[in-house]
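Q: Turn this into a model:
(one chain, ligands or ions: 1)
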Amino acid sequence: MIEFDQVTKTYPDGTTAVRSFSLTVPSHTTTVLLGSSGCGKTTLLRMVNRMVEPTSGAVRIDGQDIAARPPVQLRRSIGYVMQHSGLMPHRRVLDNIATVPRLNGVSRAEAHGRARDLMELVDLSAELAQRFPGQLSGGQQQRVGVARALADDPNILLMDEPFGAVDPLVRVELQVQLKRLQEDLRKTTIFVTHDIDEALTLGDQIVVLRAGGEVAQVGSPRELVEDPADAFVSRFLGLEEGRRRLHASPRADGGWTVTDGVGRPVGLIDGAAGAESLGHLPGEH
Ligand SMILES: Nc1ncnc2c1ncn2[C@@H]1O[C@H](COP(=O)(O)OP(=O)(O)OP(=O)(O)O)[C@@H](O)[C@H]1O
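A: Numbering: from 1, shown residues only. This next block holds a predicted model:
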């Protein structure tokens with residue numbers, strides 16, 4: 001469990017990025033910090049591995065104040081994935097993935113063995129092992145970033161807009177894969193994004209933030225969509241414009257076409273599955 005206890009961060013130039021923020025991040029689940037640019041998400045994330053020190057307040061991991069932990073040792077015990085992978089450009093993929101185990105004293109052979117297993121886990125073909133990061137696509141680089149973060153089997157995973165710079169199709173693939181991985185690995189994960197669909201896909205708990213790291217609402221994806229706390233959350237989730245209000249219209253083949261509140265077709269429901277899941281169709285009695 002990670003606890004933020006009334007943390008405030010004022011940077012040396014006087015900018016207060018986060019003001020008296022408190023949150024409990026339950027173990028073995030994914031908490032998404034969701035908010036617009038500049039609301040303090042990265043600042044909050046980096047407080048967990050002491051890349052940012054709070055001006056006041058405390059962050060605790062399993063009850064222990066991390067201010068008492070040596071920062072380097074703390075950082076090596078936590079997986080961290082950045083938006084632009086942060087890979088070392090002059091080291092091959094395998095060595096990049098093996099970095100933290102090597103720093104923690106694991107032999108080269110064993111670290112490389114683990115790195116190969118991780119490449120398989122994140123769907124990277126083994127033949128990419130000897131490439132340099134610059135010889136990979138953006139999506140592949142992010143997979144390497146995820147493998148590297150997992151390499152020393154950390155309990156905690158911090159992910160800062162890890163899929164923000166890849167194209168939408170690859171982004172969805174990476175999200176689906178992360179969700180699958182997380183079902184097996186069950187790391188205590190904090191995932192930062194400003195993308196609401198990404199948050200709804202990945203979050204067990206979503207924290208909607210306003211400027212200054214002010215919490216607008218904390219809840220499961222379902223709770224947020226069904227019961228947004230206020231107009232800000234509602235607008236942020238796209239509920240106000242009806243973008244998430246769906247309508248199903250029957251098709252000749254027995255299925256349904258689903259459109260959203262602005263008339264945009266968003267999906268299809270098959271005949272049999274549709275009859276079950278819709279139960280009672282609009283206009284049907
Ligand atoms: N080192 C710094 N010095 C001064 N101000 C900073 C520093 N880092 C961040 N800030 C400011 O703190 C505020 C929060 O920044 P932060 O990067 O935490 O937000 P964010 O929600 O992660 O934004 P984004 O989604 O754009 O990355 C912003 O106003 C930013 O300009």
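
Q: Can you pull up the most central residue in this protein?
A: Residue closest to the mean C-alpha point of the chain, counted by Cα atoms, centre = their mean, is residue 191 at 2.9 Å.

Q: For that residue, give its distance to residue 113.
A: Look at residue 191 and residue 113: by Cβ to Cβ, to the nearest Å, they are 28 Å apart. C-beta: built from backbone N, CA, C; applies to glycine.

Q: Just list the residues touching the residue lying closest to residue 251 once chain neighbours are set aside, thanks.
A: Distance criterion Cβ to Cβ, 6 or more residues apart in numbering; nearest residue to residue 251, sequence neighbours excluded, is residue 257 at 5.7 Å. Residues in contact with residue 257, defined by Cβ atoms under 8 Å, 6 or more residues apart in numbering, are 248-249, 251, 265, 267-269.

Q: rewinding a little: next up, phi/psi of the residue nearest to the centre of the chain, please.
A: The phi/psi pair for residue 191 (degrees, to the nearest 10) reads phi -120, psi 120.

Q: That one contacts residue 205, doesn't it?
A: No - using Cβ atoms under 8 Å, residue 191 is not in contact with residue 205; the gap is 10.3 Å.

Q: Common neighbours of these two, please.
A: Residues within reach of residue 191 and of residue 205 at once, by Cβ under 8 Å, 6+ apart, are 30-32.

Q: count of neighbours near the residue lying closest to residue 69 once chain neighbours are set aside?
A: The shortest distance from residue 69 to any residue other than its chain neighbours is 7.5 Å, reached at residue 50 (Cβ to Cβ, 6+ apart). Using other Cβ atoms under 10 Å, the number of residues around residue 50 comes to 18.

Q: so who does residue 50 touch?
A: 66-67, 69, 71, 74-75.

Q: Bridged to the residue lying closest to residue 65 once chain neighbours are set aside, which residues?
A: Spatial nearest neighbour of residue 65, excluding adjacent residues (Cβ to Cβ, 6+ apart): residue 58 at 5.0 Å. Counting by DSSP bridges, residue 58 forms beta bridges with residue 5.

Q: Show the model's pLDDT score for residue 58.
A: We have a pLDDT of 97 for residue 58.

Q: Kindly provide the distance from it to residue 125.
A: 44 Å.

Q: Neighbour count: these two, which is higher?
A: residue 58 (16 against 9).

Q: The more buried one contacts residue 67, correct?
A: Yes - counting by Cβ under 8 Å, a contact exists between residue 58 and residue 67, whose distance comes to 6.6 Å.

Q: how close does residue 9 sit to the ligand?
A: Residue 9 is 8 Å from the ligand, where distance means Cβ to the nearest ligand atom, to the nearest Å.

Q: show me where the stretch 151-285 of the chain has helices.
A: Under the criterion DSSP state H, counting those that start in this stretch, the stretch 151-285 of the chain contains helices at 168-185, 196-202, 221-226, 231-236, 271-278.

Q: Mean neighbour count added to those, as TSV?
A: As requested, the helices of the stretch 151-285 of the chain are exported to TSV (neighbours: other Cβ atoms under 10 Å):
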stretch	mean neighbour count
helix 168-185	15
helix 196-202	20
helix 221-226	16
helix 231-236	16
helix 271-278	13
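
Q: CSV for those helices, including mean pLDDT and distance to residue 25?
A: Output for those, formatted as CSV (pLDDT from 0 to 100; distance: least, Cβ to Cβ, whole Å):
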stretch, mean pLDDT, distance to residue 25
helix 168-185, 92, 14
helix 196-202, 94, 14
helix 221-226, 94, 16
helix 231-236, 91, 20
helix 271-278, 63, 32
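
Q: Same list, these, but as a markdown table with distance to residue 107 please.
A: Listed next are the helices of the stretch 151-285 of the chain as a markdown table, based on distance: least, Cβ to Cβ, whole Å:
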| stretch | distance to residue 107 |
| --- | --- |
| helix 168-185 | 24 |
| helix 196-202 | 34 |
| helix 221-226 | 43 |
| helix 231-236 | 48 |
| helix 271-278 | 51 |
